[in-house]
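Colleague: could you look at this predicted model? Sequence included:
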Amino acid sequence: MPRKEFIGRVVSTKMQKTITVLVERREQHPLYKKFIWKRSKFYAHDEKGEAREGDLVRIAETRPLSRLKRWELVEIIERATPAPQQGGGPE
């Protein structure tokens, strides 16, 4: 059976070897047929610590690694652009 895979945006890298990934998907309401956005957060294992906040990543289902962590980082699809530095000059 193939493993589930999702593509999402990294929203947190504050834990060691763990990233938090926000996955957004569009679903149609069963009764009203309107398309609505649904969001889910997943904890994913990042062994090398290579993902950064804002990166677009692919995660895949794996065996339970901890109480909440059941996903692993497969690849980084797109790197986040670094934010411009604030301030620095005299006023």
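Modeller: The structure has been received and is ready for your questions. Numbering: from 1, shown residues only.
Colleague: what lines up beside the helix or strand hosting Val11 in the sheet?
Modeller: Applying DSSP states H and E as the criterion places Val11 in strand 5-15. Sheet pairing of strand 5-15 (DSSP bridges) gives strand 18-28 (antiparallel), strand 56-61 (antiparallel).
Colleague: with respect to burial, which of those strands scores highest?
Modeller: Counting by mean count of other CB atoms under 10 Å, strand 56-61 has the highest mean neighbour count of the strands paired with strand 5-15, with a mean of 18. To be clear about C-beta, it is placed using only N, CA and C from the backbone, and glycine gets the same treatment.
Colleague: just how off-centre is it within its chain?
Modeller: Offset of strand 56-61 from its chain centre (CA atoms, centre = their mean, to the nearest Å): 7 Å.
Colleague: helix or strand next in line after that strand, which one?
Modeller: strand 71-78.
Colleague: just the angle for that following strand relative to strand 5-15, thanks.
Modeller: 100 degrees (axes from the mean of the first three to the mean of the last three CA atoms, to 10 degrees).
Colleague: other residues contacting the strand holding Val11?
Modeller: 19-24, 41-42, 46, 49, 51-61, 71, 74, 77, 80 (CB atoms under 8 Å, 6 or more residues apart in numbering).
Colleague: stretch 47-67 - what's its average pLDDT?
Modeller: Stretch 47-67 shows a mean pLDDT of 96.
Colleague: in the protein, where is pLDDT below threshold?
Modeller: Across the chain, the ranges flagged by pLDDT under 70 are 83, 87-91.
Colleague: distance-wise, check the residue minimising distance to the centre of it relative to Tyr32.
Modeller: For the chain, the residue nearest the mean C-alpha position is Val21 (2.1 Å; CA atoms, centre = their mean). Plainly put, Val21 is 29 Å away from Tyr32 if you go by CB to CB, to the nearest Å.
Colleague: again, but for Lys38
Modeller: For Lys38 relative to Tyr32 (CB to CB), the value is 15 Å.
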